[in-house]
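S.K.: when you get a sec, could you give me coordinates for this:
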Amino acid sequence: MTFDTLSTFELGDTTVLYQIDRGSSRVGLSLYPTALKSEIAVRRENLADTYAIALVGQGWAPRAYTLDSLVHIKLLGDPYASGFSQGRTMRGSPSNDRFRFEAQDVVRDAPMTEVVTTLVSAEGLRITHRLHWKDGDQAAWITTTFANASSDPVTIEMLTSFSLGGITPFDGADASERLKVHRFRSVWSAEGRLDSQSIEQLHMEPSWHSGTAYSERFGQLGTMPVRGWFPFLAAEDTVAGVLWGAQIAWPGSWQMEVYRKEDLICLSGGLADREFGQWMKTIEPGQEFTAPVALIACGCGDIDDLCQRLTAIDPPRPAALPEIEQGLPIAFNEYCTTWGKPTHDRMIALANRLQGSGVKYVVMDAGWYVSQTDPPGPAHGDWVVKHEAFPEGLEAFAGQLRDMGFIPGIWFEMENTGPGSIAFEMTDHLVKRDGIPMTVDGRRFWDLTDPVANQWIDERVFYLLDRCGFGYIKVDYNETIGVVCDGGESPGEGLRLQAAGVHNLFERLAKRLPDLVIENCASGGHRLEPSMLWRSSMSSFSDAHELLEIPIIGANLHRLMPPRQSQIWATLHPADSDRRLVYSLASTFLGRMCLSGGVDELDERQWGIVLGATALYTQAAPVIKCGRSRITHNLGESWRHPKGWQSLTRISEDGKSALVVAHAFEGAPDAIGITLPNNAAWSIAGQLTSAEPAVLSAGSILTMPLEGDFCGRVVLLRS
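M.R.: Numbers count the residues shown, from 1 in each chain. Take a look at the predicted model:
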């Protein structure tokens, strides 16, 4: 059984292969490294020569593989998939067989290439699959649109954003003991843990006659898209050394699947479907619906190499970043200083200490607003300034910070309301489930599809930012709506509309205040997915602000987001030893440096360590901004009680600079040795350490002495 090649495209070092089954007119999409084309195996067509099938006899031989469709869809009223699929997957539905290939067009508008593949049904339904590639990128993005040109409404129960088939092309049979699946787990204050399992460990070896559909379906339900899992999935052929991977860009419910029925495995993902997320969407005649964007990549190497391809993509960002962000300015946030009790005087005292330190953003966190209820309660939602804390008002406060040379920042949780606010009782404009306002941990949620709710946010948040002259906003989000809410033709569609409203809210804010620096925070890292990264300057990497595991989290997040957007805190205290200060400060070199804590209470020796760190960070910023990262470590299983050591090496885009960030945990060795890449003759340009300096030998062997458990260091190198 062979399929015709519809088209191939060499995009960077990757070949994109479109195939077509002329009998069914099904179109499939697969990727492989162009350099390995000659290693693609000849596939077996059926299972006739297998032991079990030979015993059955009678000339019956199941097929060994079929062409996976580049889009999977399930329409209400159509039969469901076979192979014991119910409750495990909605892929493989007979709805797919309605659609036949119509056309494929290539649109070239340098530096962009767009491959547009169109599938149509006899009723006038249309699916348009667009693959976008920008010159210089090593990953692509896909948009999938369903259009109803028939005379009747059509209800979708499932529509994928992407589907990649043909994994692996480098084995002619079922690729026994060579396929591995990679995912990233996430929980509060412990984001980004790599989870790698073989296909055999996932119990997804094909059945003896390929009659059963297997799916490892996983995802997240609600409005915290990085809660449990990141929207990321990869497969690796460990023999060929090739990986395929994808991310979903969406702030609401999503799902990913590893699917297998025959020899080959398939990866797909998109919105959480009817089975997984209670989602259905009715498309009226003349209307269309576009699934969330998916990023896809394929390449040789290991998981770090694949992740680099995905995180380095030049994204479809709705608006340009503020110009000031080009230099990766250092931030200070006072939350771990006042713990929710900021005042004008304390903020100015902190700013006085920060002058000349290299800090540019001075951000006031939660607690600056007053409760308007009796008895008082958590008051976010009305955004009325606490007069006793800021007697001259926020405009005077922000103006004083600007006069001191800083960009003033302020915290909002603008999508939620607290019980101490008038807004909490505006139930006609809040999110509901079963007609009842959604209340979670003392919060209610604005209905972002409601014009009144959006106007309230515009007037209370956007206007305040503009009037007072704030140039930075920390947008926090500290609860999730959960699996469903009212507002659509299905419970899951109500939630999807709310998630789309989040996109709209951030885009309106950027349009209203184009120079505003937006920090994306959701109890730390619960919104570290591509679409929110594209709508913000940077994101809070985690809420692990005081913890020993900060460098472990920060390093792992290099695989999932650009470090230039990963804001990492160093919370500093007068009681900290020099070793502890360096440990904390070194962690911030894994992303965007943000200071917190009692900086105005540090003595001169301690403050000198901070100034040395900020000066080195400014030198290292270009490497953090654009480069390639590689993690090496010898760690125990626990993150909360870390043992061993970790080092991250980041090489600049031009290969002429390197940044090494190392941390020792419990049971650390006396020194860490790192071999620097590129076979260059490196020299040390700067260091941050509380131990003996690092030394170079043979031009590329970096030895970093350690002073015991829980110490850190940074080395900046030039070639």
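S.K.: report the contact partners of residue 595.
M.R.: Neighbour list for residue 595: 330, 331, 332, 333, 354, 359, 569, 570, 572, 588, 610 [criterion: Cβ atoms under 8 Å, 6 or more residues apart in numbering]. To be clear about C-beta, it is placed using only N, CA and C from the backbone, and glycine gets the same treatment.
S.K.: can you check residue 304 too?
M.R.: Per Cβ under 8 Å, 6+ apart, neighbours of residue 304: 559, 629, 630, 631.
S.K.: do the same with residue 697
M.R.: residue 703.
S.K.: where's it relative to residue 209, distance?
M.R.: As judged by Cβ to Cβ, to the nearest Å, residue 697 and residue 209 stand 60 Å apart.
S.K.: pick out the most distant pair among the contacts of residue 304.
M.R.: The distance between the two most remote of the contacts of residue 304 (Cβ to Cβ) is 10.5 Å, for 559 and 630.
S.K.: who has more neighbours out of those two?
M.R.: Set residue 559 next to residue 630 and count neighbours by other Cβ atoms under 10 Å: residue 559 wins out with 22 against 16.
S.K.: does the residue lying closest to the more buried one once chain neighbours are set aside sit in a helix, a strand or a coil?
M.R.: Closest residue to residue 559 apart from its sequence neighbours, by Cβ to Cβ, 6 or more residues apart in numbering: residue 307 at 3.8 Å. Classification of residue 307 by DSSP: H, G, I helix; E, B strand; the rest coil places it in helix.
S.K.: touching, residue 307 and residue 243? I think so.
M.R.: No. Applying Cβ atoms under 8 Å, one finds residue 307 not in contact with residue 243, separated by 9.2 Å.
S.K.: shared neighbours, these two?
M.R.: Common neighbours of residue 307 and residue 243 (Cβ under 8 Å, 6+ apart) do not exist.
S.K.: who is residue 104 paired with across the strands?
M.R.: residue 117 (DSSP bridges).
S.K.: elements contacting the helix or strand containing residue 218?
M.R.: For residue 218, the host element (DSSP states H and E) is strand 214-220. Here strand 214-220 touches strand 228-229, strand 254-260, helix 274-277, going by 3 or more Cβ pairs under 8 Å, 6 or more residues apart in numbering; DSSP states H and E.
S.K.: just say which of the ones you listed is most tucked in.
M.R.: strand 254-260 (a mean of 26; mean count of other Cβ atoms under 10 Å).
S.K.: that strand pairs with which strands, and in what direction?
M.R.: In the sheet, strand 254-260 lines up with strand 214-220 (antiparallel), strand 265-271 (antiparallel) (DSSP bridges).
S.K.: check which element follows the lowest-mean-pLDDT helix or strand in the chain along the chain.
M.R.: Least confident helix or strand of the chain, by mean pLDDT, DSSP states H and E, is helix 51-56 with a mean of 62. Counting by DSSP H and E, the element after helix 51-56 in chain order, helix or strand, is strand 73-75.
S.K.: other residues contacting that next one?
M.R.: Contacts of strand 73-75 (Cβ under 8 Å, 6+ apart): 80, 90, 93, 95-96, 98-99, 127, 146, 154-160, 273-274.
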